[in-house]
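> What shape does this take:
(2 chains)
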Number of protein chains: 2
Amino acid sequence: MSSLTTTHAPKGLEGIVATTSKICYIDGDAGVLAYRGIDIHELADHSNFEETCYLLWFGKLPTRKELAGLQARLAEERKLDSAIIDLLRNAPRTALPMDVLRTAVSALSFYDPDDKKNDHDANVAKAIRMTSQIAMIVAAYDRIRKGQPVVEPDHSLSHAANFLLLLNGKHPSTTAERALDIALILHADHELNASTFAARVTAATLSDMHSAITSAIGTLKGPLHGGANEAVFRILKAIDAAGADPVDYVRDMLAQKKKVPGFGHRVYHTEDPRATHLRLMSRDLGHSSGQAKWYEMSNKIEQFVKVEKKLNANVDFYSASTYHTLGIDVDLFTPVFAVSRISGWTAHVIEQLDDNRLIRPRADYLGPEYPNRYVPIEQR
Amino acid sequence: MSSLTTTHAPKGLEGIVATTSKICYIDGDAGVLAYRGIDIHELADHSNFEETCYLLWFGKLPTRKELAGLQARLAEERKLDSAIIDLLRNAPRTALPMDVLRTAVSALSFYDPDDKKNDHDANVAKAIRMTSQIAMIVAAYDRIRKGQPVVEPDHSLSHAANFLLLLNGKHPSTTAERALDIALILHADHELNASTFAARVTAATLSDMHSAITSAIGTLKGPLHGGANEAVFRILKAIDAAGADPVDYVRDMLAQKKKVPGFGHRVYHTEDPRATHLRLMSRDLGHSSGQAKWYEMSNKIEQFVKVEKKLNANVDFYSASTYHTLGIDVDLFTPVFAVSRISGWTAHVIEQLDDNRLIRPRADYLGPEYPNRYVPIEQR
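Numbers count the residues shown, from 1 in each chain, chains lettered A, B, ... in the order given. Here you go, the predicted model:
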């Protein structure tokens, strides 16, 4: 490789600015996260998921009419081709929900009316459509694998309430709806997180939206990304099952050099602003549902890890107890992350394609020195 | 974003060294491509695809026994779960082969015996398995969409010959087998090309091999990457159909500021060493099959673009006429690229996971200034 024209980046591209973006502002030192400049705390307090989608996709808060228009389109798109339902039914019951989601979203392209188009407007249409479809796929597969009937969507409900209806077969309480709605707002975007970056790398070859989102889902699956909230809850459950003291349990993990999931973040050097909201939600939902133990356990672990390792809880830590209290199965935590993040992924793909350049870095070759001769097989 | 700790990269991460790697050596100024230090010209002249796979996965050329062992394992893995064949049968006939391949490879995870494992050995096993499976999927879907029966694999054949058998329903000539074998060698790896980079970004969250390869396929699909060879042939076909002069046609394209696919490469500043071989193959296959017109047309275009735009033909330019002469449909050109590149993708995923770090760069925020206030809807 010619070294004159290359720059060596830190491992994992840490601290490398790979693109410009008008979507998400993060100040990792101050603990600030903002979509289109609007602080996540204001959005969590006052907005809803549909309005947040509008903000991410169109770059501004909607008027009443614009919001109603988007809500109507999201509701209209609450439909899945019967072949997608068949695909979910045909998947083995042992298939991981994230693997099924990745496969079903890839298959959505076969039936997308805009499949052969890759322009801005077609991709906005796909963003809206896929936001509705992903929520339906996650809920439908959970019903199917449990031998329960797939639930019909209710077009009059919010995105959050409709998802909980499809998942649980009954209308959610106002508290549960609002809790999920806030969780969806908080998870909607996070700049160039690994799954969003993967989506942009895919889109940058001028590939299509479904390819980009399929890449994002496969990337989110990993335990160093979306999979962390599942890992957090598996620890809470193990502590509960063993009747162990949470602090003792985590101290043991640290003594065994194990990483405690849900702590630390490459970008934040202070509290992850999303954790602030999720901590409160975990507490309030726990108390109101009589399941405070998950919050209390989490809180003890958080205090201990903060003192012991100087690490702050991140978005995944309190989403675990929050989602559990909402009645969501542990292996759906990461799919529920995708139900929200589809909004940010699609916004980033649209932005990438509006001013595209192929994303193709270099590698520093450290293998056998060139030229390494081809030795005929009889001489090896 | 704190600017103290970040470095701004050129757009598309051009010239940024994102990782170290022992797999592929490229000297873009000298026009050198080497796998594990062995020049691609030596491999194309003396090696075969199975041996090249061994080299990529295990870092050295195999002994006779090691090569026989790998060939036996690749042959054993020439099988697809009937559910995968059903998935191919159920896809609409209009579905793009790359969309079907992406979906079917994602679904392979449901049936993979090592699906819940992500260690080095499990991933080598998946690399071997997926190399056999991807060739079968590409061929089977092409048969199915044409209403032809799916062909049974022949375990005694080479990877290239078996693929051509599955595709065409008859044993290939020695010339055709060797031509495809060389094409598979030439396309096997190319350092951090966009699809391989996408695979590594996905794997780096500690997600699994199937997720990573699914990302790679979706990324390869784009016309700025694997999709370029399809675009090249569509132009050759349009010229042929119009009875146009190839040089006039391309001069017109340039006058209309259209990009001519198959020319130029971010990494090479001289001839792409793969083009050297593919040019010869295109010529020889063309002459021996009595279809020299595709080569001759290509050659005229190459000469013209080289003088006019100072651009060299890349790997995609002569693979178009080569694949067509081998009887491969134009919308299978990119899937055939995947049939080869699966070897390099899997080698890179294994390398990534052997010394992993999350790949997560930053973005430079250029959106509305923070804090951009949340204005209540009634005031908008």
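> check contacts around the residue nearest to A:Glu77 when sequence neighbours are not counted.
Using CB to CB, 6 or more residues apart in numbering or on different chains and skipping the chain neighbours, the partner closest in space to A:Glu77 is A:Ser132 (3.8 Å). For glycine as for every other residue, the C-beta is placed from the backbone atoms N, C-alpha and C. Each residue near A:Ser132 by CB atoms under 8 Å, 6 or more residues apart in numbering or on different chains is listed here: A:Leu74, A:Ala75, A:Glu77, A:Arg78, A:Lys79, A:His159.
> so who does the third one touch?
Applying CB under 8 Å, 6+ apart to A:Glu77 gives the contacts A:Ile128, A:Arg129, A:Thr131, A:Ser132, A:Gln133.
> Let's see that with 6 Å instead.
Contact partners of A:Glu77, counting by CB atoms under 6 Å, 6 or more residues apart in numbering or on different chains, are A:Ile128, A:Arg129, A:Ser132.
> Format those as TSV; extra columns: pLDDT and secondary structure.
Shown next, in TSV, are these (pLDDT from 0 to 100; DSSP: H, G, I helix; E, B strand; the rest coil):
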residue	pLDDT	secondary structure
A:Ile128	98	helix
A:Arg129	98	helix
A:Ser132	98	helix
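> before we move on, back to that, in JSON lines: the contacts of A:Ser132, plus pLDDT and secondary structure.
Putting these into JSON lines (pLDDT from 0 to 100; three-state DSSP) gives the following:
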{"residue": "A:Leu74", "pLDDT": "98", "secondary structure": "helix"}
{"residue": "A:Ala75", "pLDDT": "98", "secondary structure": "helix"}
{"residue": "A:Glu77", "pLDDT": "98", "secondary structure": "coil"}
{"residue": "A:Arg78", "pLDDT": "98", "secondary structure": "coil"}
{"residue": "A:Lys79", "pLDDT": "97", "secondary structure": "coil"}
{"residue": "A:His159", "pLDDT": "98", "secondary structure": "helix"}
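> Only whichever of those are buried, select them in ChimeraX.
Applying 16 or more other CB atoms under 10 Å in any protein chain shown to the contacts of A:Ser132 leaves a buried subset, and the ChimeraX line that selects it is:
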select /A:74,75,77,78,159
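> State the pair within the contacts of A:Ser132 that is farthest apart.
By the measure CB to CB, A:Lys79 and A:His159 form the most distant pair in the contacts of A:Ser132, at 14.5 Å.
> before we move on, back to that, so how far is A:Cys53 from the residue nearest to A:Glu77?
Between A:Ser132 and A:Cys53 the distance is 10 Å, computed by CB to CB, to the nearest Å.
> do A:Asp39 as well
A:Asp39 is 17 Å from A:Cys53, by CB to CB.
> Could you check which of those two has the larger neighbour count?
A:Cys53 (28 against 19; other CB atoms under 10 Å in any protein chain shown).
> Which pLDDT does the model give the more buried one?
In this prediction, A:Cys53 carries a pLDDT score of 98.
> in which helix or strand would I find it?
Counting by DSSP states H and E, the element that carries A:Cys53 is helix A:49-58.
> Please apply the same query to A:Tyr25.
strand A:24-27.
> Give me the sheet partners of that strand and which way each runs.
Using DSSP bridges, strand A:24-27 pairs in its sheet with strand A:32-35 (antiparallel).
> Chain B contacts on the stretch 151-300 of chain A?
A:191-192, A:194, A:197-198, A:201-202, A:205-207, A:211, A:214-215, A:218-219, A:221-225, A:266 (CB under 6 Å from any CB of the partner chain).
> 7 Å instead?
Neighbours of chain B within the stretch 151-300 of chain A, by CB under 7 Å from any CB of the partner chain: A:191-194, A:197-198, A:201-202, A:204-207, A:211-212, A:214-215, A:218-219, A:221-225, A:266.
> Could you measure from A:Leu254 over to chain B?
20 Å (CB to the nearest CB, to the nearest Å).
> Show the contacting residues for that residue.
A:Val260, A:Glu308 (CB atoms under 7 Å, 6 or more residues apart in numbering or on different chains).
> What score does it have for pLDDT?
95.
> buried residues in the host helix or strand of A:Leu280?
Using DSSP H and E, A:Leu280 falls within helix A:273-289. Of the residues in helix A:273-289, A:273-279, A:281-286, A:289 count as buried by neighbour count, 16+ other CB under 10 Å.
> After it, which helix or strand is next?
helix A:292-309.
> What is that following helix packed up against?
Applying 3 or more CB pairs under 7 Å, 6 or more residues apart in numbering or on different chains; DSSP states H and E, one finds that helix A:292-309 contacts helix A:228-242, helix A:246-255, helix A:273-289, helix A:315-325.
> Could you tell me the angle between the second one and helix A:292-309?
Note on geometry: by axes from the mean of the first three to the mean of the last three CA atoms, to 10 degrees, helix A:246-255 and helix A:292-309 are set 40 degrees apart in direction.
> Repeat that for the third one.
For helix A:273-289 against helix A:292-309, the angle between stretch directions is 150 degrees (the same axes, to 10 degrees).
> Restricting to C-alpha, output helix A:273-289 in CSV.
Taking Å, rounded to 0.1, in the frame of the first residue of the first chain, the C-alpha atoms of helix A:273-289 are listed here in CSV:
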residue,chain,number,x,y,z
PRO,A,273,-28.7,11.1,28.7
ARG,A,274,-30.9,8.3,27.6
ALA,A,275,-30.1,6.4,30.8
THR,A,276,-31.4,9.3,32.8
HIS,A,277,-34.9,8.8,31.4
LEU,A,278,-34.8,5.0,31.3
ARG,A,279,-33.8,4.9,35.0
LEU,A,280,-36.9,6.9,36.0
MET,A,281,-39.1,4.8,33.7
SER,A,282,-37.7,1.6,35.1
ARG,A,283,-38.4,2.8,38.6
ASP,A,284,-41.9,4.1,38.0
LEU,A,285,-43.0,1.1,35.9
GLY,A,286,-41.5,-1.2,38.5
HIS,A,287,-43.4,0.4,41.3
SER,A,288,-46.7,0.7,39.5
SER,A,289,-46.6,-2.9,38.4
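> What are the contacting residues of it?
Contact partners of helix A:273-289, identified using CB under 7 Å, 6+ apart, comprise A:31-33, A:40-41, A:44, A:175, A:179, A:182, A:186, A:292, A:294-295, A:298, A:312-315, A:317-319, A:321-322, A:325-326.
> count of neighbours near A:His46?
Residues lying near A:His46 (other CB under 10 Å) number 14.
> Distance-wise, check the residue nearest to A:Glu77 relative to A:Ile350.
Distance from A:Ser132 to A:Ile350, by CB to CB: 17 Å.
> thinking again about what came up before, would you mind listing which of the contacts of helix A:273-289 are buried?
The neighbour-count criterion (16+ other CB under 10 Å) marks A:31-33, A:40-41, A:44, A:179, A:182, A:186, A:292, A:294-295, A:298, A:312-315, A:317-319, A:321-322, A:325-326 among those as buried.
> what sits up against stretch A:21-29?
A:32-37, A:56, A:59, A:189-191, A:267-270, A:347-348, A:351, B:1-2, B:363, B:365-367, B:370.
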